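Peer 1: Whatever this is, show me its structure:
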Amino acid sequence: MNDQWLNERIGVIRELKTPTEHQRALLALFDNPVRRADEERKLAALVKAEKAAVRAQKARANATRVLKEDRLLQRRARDQLAIVRSA
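Peer 2: Sure, this is the predicted structure:
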């Protein structure tokens, strides 16, 4: 497997202080230059899981950002209403 995304992700995983068990297994299989067929299948499954984890992390970040923006708009509306009432 010589995928650019995988090579970049392996670099990111190596820099993590506490990689997950799946990430450690991915590193171990990736670093093994001679893999059997079953190890290739495991590596492919771990890569697929890592890609899904990255997508999930991005989705959580997007959801958090949307909620934060909504709270900010609500706060601004309350503040504006308070200003109008006090005037």
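Peer 1: Show me the helices in the protein, by range?
Peer 2: Assigned helices in the chain, in chain order: 4-15, 21-31, 37-86 (criterion: DSSP state H).
Peer 1: Check those for me and report the most buried one.
Peer 2: Of all these, helix 21-31 has the most neighbours on average by mean count of other C-beta atoms under 10 Å, namely a mean of 15. From N, CA and C alone the C-beta is placed, and that goes for glycine too.
Peer 1: which helices and strands does that one pack with?
Peer 2: Based on contacts counted as 3 or more C-beta pairs under 8 Å, 6 or more residues apart in numbering; DSSP states H and E, the elements that helix 21-31 packs against are helix 4-15, helix 37-86.
Peer 1: Of the ones you listed, which is nearest residue 26?
Peer 2: helix 37-86 (4.3 Å; C-beta to C-beta).
Peer 1: if we can go back for a sec, out of the helices and strands packed on helix 21-31, nearest to residue 29?
Peer 2: When the helices and strands packed on helix 21-31 are compared by C-beta to C-beta, helix 37-86 sits nearest residue 29, at 4.3 Å.
Peer 1: For that closest one, what does the pLDDT average out to?
Peer 2: Per-residue confidence for helix 37-86 averages out to 94 on the pLDDT scale.
Peer 1: and that helix, what other elements does it pack with?
Peer 2: Counting by 3+ C-beta pairs under 8 Å, 6+ apart, the packing neighbours recorded for helix 37-86 are helix 4-15, helix 21-31.
Peer 1: so the last one versus helix 4-15, what angle?
Peer 2: Just to be clear, that refers to helix 21-31. In this structure, helix 21-31 runs at an angle of 120 degrees to helix 4-15, with axes from the mean of the first three to the mean of the last three C-alpha atoms, to 10 degrees as the basis.
Peer 1: Give me the distance between residue 61 and residue 32.
Peer 2: The gap separating residue 61 from residue 32 is 33 Å, by C-beta to C-beta, to the nearest Å.
Peer 1: cool, and residue 12?
Peer 2: In terms of C-beta to C-beta, residue 12 sits 19 Å off from residue 32.
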